[in-house]
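In: Show me how the following folds:
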Amino acid sequence: MKQTSFRRSITALAVAASLGFALPALADNTTANISGSINANDYSQYTVIAKDPATGLEREISVSDEGSFRFAKLPTGVYDITVKKGDTVVAEQKTRISLGSNTSLAFDFIDNDGTERIEVTGARISAIDLSSTDSGLVIDEVELDRMPVSRNITAVALLAPGTVMGDSSFSSPNSGGTASFGGASVAENSCYINGMEVTNTSQGLGCGTVPFEFYKEFQVKTGGYSAQFGRTTGGVLNAVTKSGSNEWEFAATALFTPKSLREDGQVSYSAGGAGGQEVFRNQTQDDYSKSEFTLSASGALIEDTLFFYALINPRDVENNFASQSSGNSQYAPDNTFIKRDSSGSDNMFWGAKVDWFVNDDHKISLFGYSNKSNTQSTSYAFDSQTGEIGEASQSTIRERGGDLKSISYTGNFTDELTVSAMYGEIETDYTNTPSNLDCPTVLDTRSVPANQKINSCGAGGNTGTNQDKNKQTRIDIEYAFEDHLVRVGYDKQERETFHTSSPITGHSWTYSSIEPNAVISNNDGPLFTNTTGALFDVVADRIFTGGGGFSTDLSAWYIEDEWQVTDDLMLSLGLRRDEFENSGVTGKVFSSFKTDIAPRLGFSWDPTGAGESKIYGTYGTYYLPVANNTNYRAASGLSDTTTYYAFTGADASGAPTGTSPVSGTIADSQIVNSVPNPATKETFQAEEADPFSKDEYIVGYETAINDEFSFSVRAIYREVATALDDYCGPFASQATCTLLNPGKSSTWQLDNNNDGAIDPDSRRTYSAEEIGLPDAVNEYTALQPQINYRADNMRMSLIYTWSRSVGNFEGAVKSDIGQADAGVTQDFDFPALMDGSDGYQPNDRRHVFKFFGSYDVTEDLTVGFNSTLSSGRPLSAFGQGYPSHDPTVYGSYGDTFYLYTNQCPDANEDGICGQDEKIYQFSPRGTRGRTPWTFNLDLSANYNFTFSDVDMRATLNVYNVLNGQAETSRNEHYENNRAEGSFNSYYGAAYTWQSPRYVELGFEARF
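Out: I've put the predicted structure just below:
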């Protein structure tokens, strides 16, 4: 780069780390860069040394002919920068570099008439990263320790602009939840630790984690990320862990979250009110407590050469909460109380990192951990009306977590050429093993008194195994020449899943009342119509069983160039191409894609040339691979059938007695939505189908106002370029549905005799009009102003986000009905399900204010705060019927935007209620109001002291200080399960509220 590109008149002593809350992050997983320039008469004799005193790592490079220098891919930390002329030290500077950042330095020298004496007139650190074009946040564990931030990676992500908490249905109580980035669904993010992707590869929900004491820095990428990052249309959560140094250090921490210091939860009622109404959700008995300890040791096995960091973390967690056992929580009150306990060797984390500096230019790192946890989960009978907990009905062993191991290499072959490589494996378990195999899942949605409803003798559920394994390989090459910094890379993942599932007892029963003239639909028209003139009780037996082992192979290459076009203008020019290939239990490929070449373009322009501000912008296309959940649903040999019966009673287990098929025979009373023959590519994937992708546009401005204040503002627009989902209408292959781009003409073949082979002469192109699906629309627009204040004793950030998220589908998962089937939700299954779907999306939060920071009261006492004020989410009213029974429009299932009024005037006077005579109320998405605004304030205090020459720290965090418990989600199902016209009395009742106030106490000792 040219020397003047780093010579900026910037405000004083701000370093990159001090801007950590708002720092746009350069594209890198685990390292950072230092670059800069010197201003002198003759550059040939100058060299620059960067040294990390903690590890002894030292690199020396010559200054270029233009006066610039650059240190690539340095481990994060504090470095001593030394400028030498010959053997004489002429300048020194200390600087901290943060994860993924580029720290720019400028040294000004004056040669006194050619004499040897050098006067240093300035050694400045740029407060604005002029080489960065992406958006996000970088924050280290020191800053996090100063503030009340829950100890999970989602809480860190929620500090970033444009992130909001996702729906609670995708996480268990007190797990920390999931985050939505830029309006995307919560299943579209990716997570990394030390360069290894640790995302849940089955559904994209959640990440592997390590204890907070192990983390060193976090990087949250909310948009504009470079071509190095892919396989995500949401955001990126990236973290690095601590490493050892030449100074031996031992630490012990203790953290307590006592349930005695937690406030009680809330209650919601049927018909949206209290006073004699039936309780829907009852969280008054919920409680949570956690005690965890860490012991860590770090140091140098060989000084300046071989370092290690190791940590163990025993945890004792009790998590008790009310729940609904049927799996269809929209239609029934809490009837089960779950007590979960994990402690001792069943909940012990261990992890280690070893760094070998072969020499100052070559480094090898080994990283590994085990976060396995076996939790004893016991289900008890629960009376939601009184809050009384009854006898235990079932115990389940929940196996979670797994093992990770990786090896990585970074080598600086010349001052210009750097190579890095990594290989790793991660295994994760999601298996539940219940003890009671005699009691099926039972749901009774009939409008009868509570004492007449049919219940299971136990908690019900499923049995099976669910395990993931992910092998990862990556290589990146970086070369700097003249005004260009070129990166190329290749990475590959082999994702394997073994997932089987079967309902306990082989059956899952749902009792419901069918209104007069209401219809149970099949995929080819009505299956049953209630012509009795009165309520008719039926029971549905859904048998969802099968599974096996399957895999997904992902690979990608990228190239990008950071080009310093002029002193004040930098361009980032990147291209990326991905390949996705999914295989079923037979090993045959059933879905494969080669994406178009995705552009990642950006610019950064200093409008004044003074280094105090920048205008920047990015454009990028991002692709999301087909999740392994799709392999499970379409190509693992799953059978999914639902049979409807009339019945006379129920036995002690909750199973019906006196059953008879509602339409005379089982075949005529049965809906088949999946057969046990795995899909083939020819029948499952349309030939023209492109993978799920989003386009993103960002433009922003950032400036350092003075020594303490900085300001930034950015505008974001995201839209789905291609949606990929399964279509299940009559033109689709009826064995498994067909994967296509909605709203487009598509070609595929059929397997309608369910033998696992292609039906002869079945290849056909279907027009978009024939299929009947609309174009997929998902748009996110946002404006994000932000103010940061940084002084010696105070740090604050104020972020406001105005955003608008609209369209006819959310993305990979479906929050408003809690459907976690990534990539194969009910959206686009039938055209009828999309009629009325265009509106405000579940993650739409029009106004979000975030205000957080910390203040050093004294040298030893720091207080912190973290607050969020957010407008509510939009609400809908879902029905279970549709005005048309045309099988090309409506199938056997799905939540519609039509509500049957139970009115059917006999216009033709034939004495029969015709479908065209029934009256429905149209209720489009998001037109039923919003949940209330929520405000949350967390406070903390940290006190440092010394006892017997041991450095200690005591912490107090109080979350939700004001104990505000506003509703965060409500039941949006207006009609009962597959029972059009039957009002769901729990419609409008709250599912969840803000977490009650609770307290966290901590203690730390370092020696």
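
In: Would you mark the buried spots in the host helix or strand of Lys363?
Out: Per DSSP states H and E, Lys363 falls inside strand 362-370. Buried residues in strand 362-370, defined by neighbour count with 16 or more other CB atoms under 10 Å: 363-365, 367-369. Just so you know, the C-beta spots here come from the backbone N, C-alpha and C atoms, and that holds for glycine as well.

In: residues making contact with it?
Out: Contacts with strand 362-370, where a contact means CB atoms under 8 Å, 6 or more residues apart in numbering, come from 75, 194, 196, 210, 214, 241, 243, 349-358, 401-412, 424.

In: Out of the buried residues of strand 362-370, which comes closest to Leu527?
Out: Taking CB to CB as the measure, Leu527 lies nearest Tyr369 of the buried residues of strand 362-370, at 51.5 Å.

In: Check which helix or strand the residue lying closest to the closest one once chain neighbours are set aside maps to.
Out: Once flanking residues are discounted, Tyr369 sits nearest to Gly351: 3.3 Å by CB to CB, 6 or more residues apart in numbering. Secondary structure from DSSP H and E places Gly351 in strand 348-359.

In: What helices and strands are in contact with that strand?
Out: strand 306-323, strand 362-370 (3 or more CB pairs under 8 Å, 6 or more residues apart in numbering; DSSP states H and E).

In: Tell me the spacing between the closest residue to Tyr898 other than its chain neighbours and Tyr840.
Out: Distances taken as CB to CB, 6+ apart place Tyr920 nearest to Tyr898, at 4.4 Å, with adjacent residues excluded. Distance, Tyr920 to Tyr840, by CB to CB, to the nearest Å: 22 Å.

In: And Leu861, by the same measure?
Out: 45 Å.

In: Which one's more surrounded, those two?
Out: Tyr840 (20 against 13; other CB atoms under 10 Å).

In: wait, which of the helices and strands packed on strand 348-359 is closest to Arg577?
Out: Each of those has some distance to Arg577 by CB to CB; the shortest is strand 362-370, at 28.4 Å.

In: Average pLDDT for that closest one, rounded please.
Out: Average pLDDT, strand 362-370: 96.

In: partners of it in the sheet?
Out: Sheet pairing for strand 362-370, assigned by DSSP bridges, gives strand 348-359 (antiparallel), strand 388-412 (antiparallel).

In: And the last one, how far out from the chain middle?
Out: Centroid separation for strand 388-412 versus its chain: 17 Å, with CA atoms, centre = their mean, to the nearest Å.

In: Equivalent analysis for the shortest one, please.
Out: Computed by CA atoms, centre = their mean, the chain-centroid distance of strand 348-359 equals 27 Å.

In: Let me know how buried Asp949 is, in neighbour terms.
Out: So Asp949, with other CB under 10 Å, has 6 neighbours.

In: What is the neighbour count of the nearest residue to it once chain neighbours are set aside?
Out: Using CB to CB, 6+ apart and skipping the chain neighbours, the partner closest in space to Asp949 is Phe1007 (7.5 Å). Phe1007 has 12 neighbouring residues, counting by other CB under 10 Å.

In: cool, and Asp755?
Out: Residues near Asp755, counting by other CB under 10 Å, number 11.

In: Give me the nearest residue to it, chain neighbours excluded.
Out: Asn677 (6.6 Å).

In: The one you found contacts Asn754, correct?
Out: Yes: look at Asn677 against Asn754 with CB atoms under 8 Å: they come within range, at 5.9 Å.

In: Overlap in contacts, these two.
Out: Ala735.

In: ok, now how distant is the residue nearest to Tyr898 from Val889?
Out: Distance from Tyr920 to Val889, by CB to CB: 14 Å.

In: Report the set of residues contacting both of the two.
Out: Common neighbours of Tyr920 and Val889 (CB under 8 Å, 6+ apart) are Tyr882.

In: pretty sure Val999 is in a strand, no?
Out: Yes: counting by DSSP: H, G, I helix; E, B strand; the rest coil, Val999 is located in a strand.

In: circling back: who has more neighbours, Asn677 and Asn754?
Out: Neighbours were counted for Asn677 and for Asn754 using other CB under 10 Å; Asn677 has more, 21 against 15.

In: What are the neighbouring residues in contact with the more buried one?
Out: Going by CB under 8 Å, 6+ apart, Asn677 touches 637, 735, 751, 754-756.

In: By mean pLDDT, point me to the weakest helix or strand of this structure.
Out: Lowest by mean pLDDT, DSSP states H and E among the helices and strands of the chain is strand 118-125, with a mean of 51.

In: pLDDT score for His885?
Out: His885 is assigned 91 on the pLDDT scale.

In: Oops, could you answer that again for Val806 instead?
Out: On pLDDT, Val806 comes in at 98.

In: Can you name the residues bridging to it?
Out: Judged by DSSP bridges, the bridge partners of Val806 are Glu779, Tyr840.

In: still on that earlier bit, would TSV of the strands paired with strand 362-370 with mean pLDDT and mean neighbour count be doable?
Out: Output for the strands paired with strand 362-370, formatted as TSV (pLDDT from 0 to 100; neighbours: other CB atoms under 10 Å):
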stretch	mean pLDDT	mean neighbour count
strand 348-359	96	18
strand 388-412	94	17
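
In: Within the sheet, what are the partner strands of the longest strand along the chain, with directions?
Out: For the chain, the strand that runs over the most residues, judged by DSSP state E, is strand 536-564. When pairing is defined by DSSP bridges, strand 536-564 lines up against strand 484-503 (antiparallel), strand 508-514 (antiparallel), strand 569-583 (antiparallel), strand 639-646 (antiparallel).

In: average pLDDT across the shortest one?
Out: Translated: strand 508-514. 95.

In: And for the third one?
Out: Across strand 569-583, the average pLDDT comes to 95.

In: The nearest residue to Thr531 once chain neighbours are set aside sits in which helix or strand?
Out: Nearest residue to Thr531 in three dimensions, chain neighbours excluded: Asn517, at 7.4 Å (CB to CB, 6+ apart). For Asn517, there is no enclosing helix or strand under DSSP H and E.
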